[in-house]
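>>> I'd like to go over a predicted model; first the sequence, then the structure.
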Amino acid sequence: MNEFLKMDIFFFVTTAVVVILGLLLTIILWRVQRVLKNVEYISKQVVSESDMVRQDLAEMRTEIRQGKGRLKSLFGFFKKRTKQASTDS
């Protein structure tokens, strides 16, 4: 077999493999990017919810310090949280 024919076959096969691997890498990176977007969205939601819980707990502590009744404040806190959870769904 001619040496130039062997080189042509080698470069053709190498080029095909590089193109296929490039396409696979592109698809994998695209999927990873979508997953990272979802993780970012979820983390923003967690931050938002934790801020609301912190605010609710601060309100409950203020009410307890003012002497508005401990059980009433506690039940009001849980009632408020369940209303927010049902409206978010």
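Structure received.
>>> which element is the residue most central in space within the chain on?
Centroid-nearest residue in the chain, with Cα atoms, centre = their mean: Val39, separated by 1.3 Å. Assigned by DSSP states H and E, Val39 belongs to helix 3-65.
>>> by contact count, what packs against that helix?
Here helix 3-65 touches helix 70-88, going by 3 or more Cβ pairs under 8 Å, 6 or more residues apart in numbering; DSSP states H and E. Where C-beta positions appear, they are placed from N, C-alpha and C, glycine not excepted.
>>> avg pLDDT for the helix it packs on?
Per-residue pLDDT over helix 70-88 has a mean of 65.
>>> distance of Phe12 from Val19?
As judged by Cβ to Cβ, to the nearest Å, Phe12 and Val19 stand 11 Å apart.
>>> quick one, what contacts Met7?
For Met7, the contact set (Cβ atoms under 8 Å, 6 or more residues apart in numbering) is empty.
>>> Roughly how far does it sit from Gly67?
From Met7 over to Gly67 (counting by Cβ to Cβ), the distance is 91 Å.
>>> now Ala16
Taking Cβ to Cβ, one finds Ala16 at 79 Å from Gly67.
>>> ditto for Ser48
With distances taken as Cβ to Cβ, Ser48 is found 31 Å from Gly67.
>>> and what of Asn38?
Separation of Asn38 from Gly67 (Cβ to Cβ): 46 Å.
>>> and the gap between Tyr41 and Gly67?
42 Å.
>>> Pick out whichever of these two has more residues nearby.
Each of Tyr41 and Gly67 has its neighbours counted (other Cβ atoms under 10 Å); Tyr41 has more, 10 against 7.
>>> I am finished for the moment; much appreciated.
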